[in-house]
Structures are given as C-alpha cells and as structure tokens.
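Enquirer: sequence and predicted structure, then a few things I'm wondering about:
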Amino acid sequence: MSTPNKFSFVNPKNVPFFYGYIVLFIGSIGVLASIPGQTVGVSVFTDPVKDALGLSRNQFSNAYMIGTILSAFFVSKAGILFDRYGARYVAFGATVVLGMSLLLCSVAVEISHAINTLLKISTWMVPFGVMCVLFFCIRFSGQGVLTMASRNMIMLWFDKNRGKVNALSSVTVSLGFSSSPLVLNYLIDNHGWERSWQILAVCLFVFSFGILQLYRNKPEDFNMVPDGVKTPETSDEVQTITEPLKKVLRHFTLHEAKQTRGFWMFSLILAFNSFFTTGFTFHVVSIFGSQGYSKTHAIAIFIPISIIALSVSTLCNILSDYISHKIYLYVMIGGGILASCGLMCLSHPFGVYALVAGLGLLSGLFAVINAVTWPRYYGRLHLGAITGKVMSFLVVASAIAPSLFSYCFSTFGSYAYISYMALGFLLFLTVGAIAVKNPQ
C-alpha cells in the first residue's frame, strides 16, 4: 500500500530488531481478541442469555446457526479485502464492529422489549430475530474476519521459520482460549452477563487503537522480506534474489487451489473440527450435566484439553517446516475418531479420557494446518482469498453444530448419537485423503 504507516507513531524501519516479532505478538493478541465472537466465548453466555430472553435451548441454538450461516456468505469476501487492503485496516474494522455488536448484545433484552412494545405484540420471534442479527455481527467480525486477518498477517511476515513462529503464537492462543471460559464465567458471576459484554466491548475499542499502531500488512512494504532479511537496494540485486524464489514457490489463485484435492481434504477436516468443537463447547454444560457433572466440572475440562492441544501444536508447528503435512491430516482424522468415540461413551471413564485426548489433538493440529499449511501449499500472494474461502466452510460448520447437537439431545435424550454421523464423515475423509499431494 502507498501509506503503510498512516495513523501510526511506530515505524518498523526504526525498530532495532525484526518487526515481525512485534507482528507475532500483536497478531496473537488479535486472535485472542476474537474470543467474544468465538463459540468458546459465546457458550458461557448461553444459559443466562437464553433465559433472560425467554428462548428455549433449541431456539437459541437456531438463532446462533442462522446468524453464523449468514456471516459465512461474507467471510470469503473479507479475504479478498485482506489481499487488497491488508490486515491492518481489515482487522481494525472487524474489532470496532465486534465491540459495537457486544454493546448491542448487552441490551438485547431491552431491544426485544422495545420492539414488542412498538409492534404491540408479545412473541418469542422478536428476541429470536434480534439474536440472529447480533450473532451474525459477532460471528462475522470475531470468528471470521479478525481471526483470519490476524493469523494471516503473522504468516506473511515469516517463511522459513513459519512453523516455529506459529508454535509460539499457538502457545499464547491456546492458553488464552482454554482459560477464557473461566475468566468469562467469573465476569458473569460477579458483574452479570450484560455488564460482562460491555467490559469486553471497551477492551476491544482500546485494542483497535493498538491495531492501528502496531499491525503491519507485510514486510515488503518496508523494504524487508519474511524472516527479517533486508531486501537489496538495487533492482538487479532484487531480481537475483527473488527470481529463484519464484521458481521454487508458485502462488496459487483461489480458483487454482480449489482444483487440488489437498484444498478440499484439509478444508473438510478443519470444518469437522469447527463443527465438533463448536457443538461440544456450545452445549458443554448440558453435555456433562446429562451425565451428572456440575457446571464447574464441565468448564474445567478445557484445561486438560488445552494442555494436550498446546503440546501437540508446539511440536507439530516446529516439525511442520520439515515433514509432510499429509501426516497431520491423518493424525487430525484420528483425533476426530477418538473424540467421537469419547462422546459416544461419555458415561464411562474411558469416554472422558478419549474425548479430552481427541479434542486436544483436533485443536492442536487445527492451529498448525489453518495457519501454516495454506501458505506452504499455495503461496502468499492470494492467501487472503484462499483462507477466506476456508473460513467460510468453518463458519458454516460451526453454525449448524449447536442446532444439530441440541436436536439430537431433545429428540433422542442423548448427545451420543451425533458421533455416528461424525464417524461416517471421518471415514470418507480417510479414504479421500489417500491421494493428497503438496501442489508445490
């Protein structure tokens, strides 16, 4: 961009070390800032908000599904905006929208009552519609755009060390996501769900200023290249260095990437993770409550899951610079099978252990594949468009999960039956992944 440092007091050229490490830090915080728009951030609010609005679990889940599916239609477009305008402005806009959406969420009851009074009606469809709109806003800005922009920005600033850097980012993100239910539950217990959303909104507005100051789109804007090597001053030297890189790495367009099997297999396993993890997280209190566990025990399960996820992501991120990512695809499928079997047998101790191990593997490898695999397979030039399309798959998967889990429980009296569908899908992926190759 012509003015990559506009509105900022920080110039990457004046930093005494490679600015990519600041990008790594602030980009990781950016992913954490998306928590209020993620399922892990919404799930803690589910019971108090639905009760305050007078909605059933199925109605609240359906509102979540509709709002999230609607957001999926726009996420891929946001990826194109990322390629055109960069992470800085896209992430800033997403953060402001997410903060404003949380403020509206905090007065959802008042908005519903006002609409009912204005229309002189009294129906559950009004709060249902209000939550559909609000879920669209927080899911699009939080889960979709802010996460995609922050993660892609980090990947653009590194190449050879991309896996190692993502390992550091994953540590921060995993710890933040795993502890967020406890933090949010503490806020709700002490301040109520309305004030808690308002506190989070203020934090996001403050962080949006940090985005303008510290987010930077790519190293080339400042005469740098990924990993911190300065580019030569003369055009002849630039061509000497960049020409071999062009021969080694091909930059796929979204259309070209979609012609490869790897794009679909990796996208589908990531979508499965989004589906299963979202459904589980959204109804975690109910899932464990159906087996006699308390709310405290249900929320605490995220701690061992995060420990496994953190260990897996750290190791696999480091190894990702050296081994085939197809191995990760199969390990992630194995994690899905383990988690599905664990949910099916949750009444037994084995089921709890299997569920924790499976979700840990899924979450750990998700952090690797969703960040490192795409630039490794398809290059950096069209990374926004490619990851934006993938994000739309994840958003759709996360949209339908809460409703399917809810209807499974209300119809059959158990969440276990969702595992049969999951195992069938994983069998399909196991066969389809055999022919996956790195298109580079």
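Expert: Right, received. Where do you want to start?
Enquirer: quick one: end-to-end distance for stretch 277-288.
Expert: End-to-end distance for stretch 277-288: 15 Å, by CA to CA, to the nearest Å.
Enquirer: contacts for that stretch?
Expert: 39-40, 42-43, 46-47, 57, 61, 64, 294-295, 297-299, 301, 339, 343, 346, 359, 362-363, 397-398, 401-402, 404-406, 409, 415, 418 (CB atoms under 8 Å, 6 or more residues apart in numbering). (Glycine included, C-beta is placed from N, CA and C.)
Enquirer: the bottom helix or strand of this structure by mean pLDDT?
Expert: Per-element confidence for the chain was summarised using mean pLDDT, DSSP states H and E. The lowest value among helices and strands belongs to helix 235-248, with a mean of 42.
Enquirer: continuing past that one, what's the next helix or strand?
Expert: Next along the chain after helix 235-248, taking DSSP states H and E as the criterion, comes helix 254-257.
Enquirer: which residues of the stretch 1-150 of the chain score low on pLDDT?
Expert: Scanning the stretch 1-150 of the chain with the threshold set as pLDDT under 70 gives 1-2.
Enquirer: the closest residue to Leu346 other than its chain neighbours - how many residues pack around it?
Expert: Among residues not flanking Leu346 along the chain, Gln291 sits closest, at 5.6 Å (CB to CB, 6 or more residues apart in numbering). Counted by other CB atoms under 10 Å, the residues lying close to Gln291 total 15.
Enquirer: do Gly292 as well
Expert: By other CB under 10 Å, 8 other residues sit near Gly292.
Enquirer: and it, which of the three is it?
Expert: coil (DSSP: H, G, I helix; E, B strand; the rest coil).
Enquirer: quick one, phi psi at it?
Expert: Gly292 adopts backbone torsions of phi 90, psi 10, taken as degrees, to the nearest 10.
Enquirer: run the chain-centre distance for stretch 219-227.
Expert: 26 Å (CA atoms, centre = their mean, to the nearest Å).
Enquirer: start to end distance for it?
Expert: Chord length of stretch 219-227, first to last residue, is 9 Å (CA to CA).
Enquirer: where do the helices sit along the stretch 301-440 of the chain?
Expert: With DSSP state H, counting those that start in this stretch applied, the stretch 301-440 of the chain shows helices at 302-319, 325-344, 349-368, 374-378, 383-412, 418-432, listed in chain order.
Enquirer: for Asn185, find the nearest of the ones you listed.
Expert: Proximity to Asn185, assessed across the helices of the stretch 301-440 of the chain by CB to CB, is greatest for helix 302-319 (10.8 Å).
Enquirer: flag every buried residue along the closest one.
Expert: Neighbour counts using 16 or more other CB atoms under 10 Å place 302, 304-310, 312-314, 316-319 of helix 302-319 among the buried residues.
Enquirer: roughly how far apart are Pro12 and Pro375?
Expert: Computed with CB to CB, to the nearest Å, the distance linking Pro12 and Pro375 is 20 Å.
Enquirer: rewinding a little: now, of the contacts of stretch 277-288, which are buried?
Expert: Buried, going by 16+ other CB under 10 Å: 39-40, 42-43, 46-47, 57, 61, 64, 298-299, 301, 339, 343, 346, 359, 362-363, 397-398, 401-402, 404-406, 409, 415, 418, out of the contacts of stretch 277-288.
Enquirer: what does the strand or helix carrying Ile154 rub up against?
Expert: Taking DSSP H and E as the criterion, Ile154 maps to helix 147-156. Outside of helix 147-156, the residues within contact range by CB under 8 Å, 6+ apart are 23-24, 27-28, 30-31, 33-34, 38, 75, 78-79, 82, 86-88, 90-91, 94, 162, 165-166, 169, 215-219, 226, 370-372, 374-375, 380, 383-384, 387-388, 391.
Enquirer: how about stretch 253-272?
Expert: Among residues not part of stretch 253-272, those counted as contacts by CB under 8 Å, 6+ apart are 252, 325, 329, 332-333, 336, 366, 369-370, 373, 377-378, 382, 385-386, 389-390, 393-394, 396-397, 422, 425-426, 429, 432-433, 435-439.
Enquirer: buried ones in it, by neighbour count?
Expert: Along stretch 253-272, the positions that meet the burial threshold by neighbour count (16+ other CB under 10 Å) are 254, 256-257, 260, 262-272.
Enquirer: just flag the most distant two among the residues you listed.
Expert: Pairwise distances among the buried residues of stretch 253-272 were taken by CB to CB; the largest, 24.3 Å, belongs to Glu256 and Phe272.
Enquirer: Ser106 contacts Gly192, doesn't it?
Expert: No. Applying CB atoms under 8 Å as the test, Ser106 and Gly192 come out as separate, 9.3 Å apart.
Enquirer: who's in contact with the closest residue to Gly210 other than its chain neighbours?
Expert: Taking CB to CB, 6+ apart, and ignoring the residues beside it in sequence, Gly210 has Ile26 as its nearest neighbour in space, at 6.6 Å. Taking CB under 8 Å, 6+ apart, we find Ile26 in contact with 210-211, 214-215.
Enquirer: which among those count as buried?
Expert: Among the contacts of Ile26, those buried by neighbour count (16+ other CB under 10 Å) are 211, 214-215.
Enquirer: just send the residues you listed back as a markdown table, with pLDDT and distance to Tyr353 too.
Expert: As requested, the buried ones among the contacts of Ile26 are exported to a markdown table (pLDDT from 0 to 100; distance: CB to CB, whole Å):
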| residue | pLDDT | distance to Tyr353 |
| --- | --- | --- |
| Ile211 | 95 | 41 |
| Leu214 | 94 | 41 |
| Tyr215 | 95 | 41 |
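Enquirer: thank you kindly, that will do.
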